[in-house]
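A.B. asks: Here you go, sequence then predicted model.
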Amino acid sequence: MLYLNMLLLVSMAIFLGWRFRKEMKFGRAVAELAEKLEEDWMEALPPAYFYHEKAANRLLRAAGHWYSHKLSDSSRARTVEEEYVAAWVHEVKAPLTAMKLTIDTLRSDPALRKIESEWLRIHLLIDQQLYISRLPSLEADYLLEETGIQKLAALEVRELASWCVEKNIAVEFYGEEAYVRTDRKWCRFIIRQLLTNAVKYSPAGGMILLSTTVLPDGPIRITIKDEGPGIAPHDLPRIFDKGFTGGNGRLLNAATGLGLYLARIVALKIGISLTVQSELQAGTAMEMTFPVSNSFESVRI
């Protein structure tokens, strides 16, 4: 009898040890899968031998399928929204273009100067929204070309000419033309955000200086310097945060907190470095630095 009991105890110990090893193996496999999760993780689930392991696998697969369906629904809804916004922007741009033609025809009328300034604000906001709708597919809408950076900046200065005239702001270029390899459209978008801020915060009768520099190792930098109130030291680390307007934005009550945020997002994607130098009552200098080489592979998705 004692022998039989000992045999049962040994058998039970062997069984429990085997069971423990199996369960630990399953647990470790699930833990490792969680650490390096892949797209086909459901196919990589470890084999289940016991009821609770099979139940766990069923639960994980059910959760995965539910999440996939929710993700697909969300993706479809986002696509519909993006298409609607893009269509809406294009529809709104048509009457804006007609308004601009009328303004250009009657430019001699002083009363139209204020209207042109307000038209420009609407145009910039709508154009910004159009770029926001294109941002998710930037990598598919990207064309590298060699272009003069001052030439691109001059095009954006021309876009803001009526605003500069209204505030009597002079814009000057310093340094020789420098050529960079980048996407013209997205690069102009970044310059527009920086220039818009420079004009917005410049005092009436002020000056904006655009200068190009070739750095020692070869990168090219364009700096947009204004004579505005400058940025407080405690605001500087947050100026590229979404929705952040800072003390100057709150005073003007005209900032959305999106311009610099979008500029930084686009710059990161196309390999441009954005930095800022600013002191209170001494203006702000926004710097765009282009790398020596900028290939399509460097676009960050």
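C.D. replies: Received the coordinates, thanks.

A.B. asks: Counting neighbours, what do you get for V266?
C.D. replies: The number of residues packed near V266 is 21, by other C-beta atoms under 10 Å. From N, CA and C alone the C-beta is placed, and that goes for glycine too.

A.B. asks: next one: R192
C.D. replies: As a burial measure, the neighbour count of R192 was computed by other C-beta under 10 Å and equals 23.

A.B. asks: Can you tell me the element it falls in?
C.D. replies: With the criterion set as DSSP states H and E, the secondary-structure element containing R192 is helix 184-201.

A.B. asks: Contacts only, for the most centrally placed residue in the chain.
C.D. replies: Here the mean C-alpha position of the chain is nearest to the C-alpha of I265 (C-alpha atoms, centre = their mean), at a distance of 2.4 Å. Taking C-beta atoms under 8 Å, 6 or more residues apart in numbering as the contact definition, I265 lies against L135.

A.B. asks: mind checking the end-to-end distance for stretch 269-286?
C.D. replies: The first residue of stretch 269-286 is 18 Å away from its last residue (C-alpha to C-alpha, to the nearest Å).

A.B. asks: Can you name the residues in contact with it?
C.D. replies: 138-139, 142, 182-183, 186-187, 190, 194, 197-198, 201, 223-233, 236, 239-240, 263-264, 266-267, 287-291, 294, 298-301.

A.B. asks: Please name the nearest non-neighbouring residue to E172.
C.D. replies: L209 (5.4 Å; C-beta to C-beta, 6 or more residues apart in numbering).

A.B. asks: Assumed that neighbour was part of a helix.
C.D. replies: No: note on L209: no helix contains this position according to DSSP: H, G, I helix; E, B strand; the rest coil, which reports strand.

A.B. asks: ok, it - contacts?
C.D. replies: Contacts for L209 were tallied using C-beta under 8 Å, 6+ apart; they are 171-174, 223-225.

A.B. asks: Among the residues you listed, which one lies nearest to T79?
C.D. replies: Each of those was checked against T79 using C-beta to C-beta; the closest is I224, at 35.5 Å.

A.B. asks: Brilliant, that's me finished.
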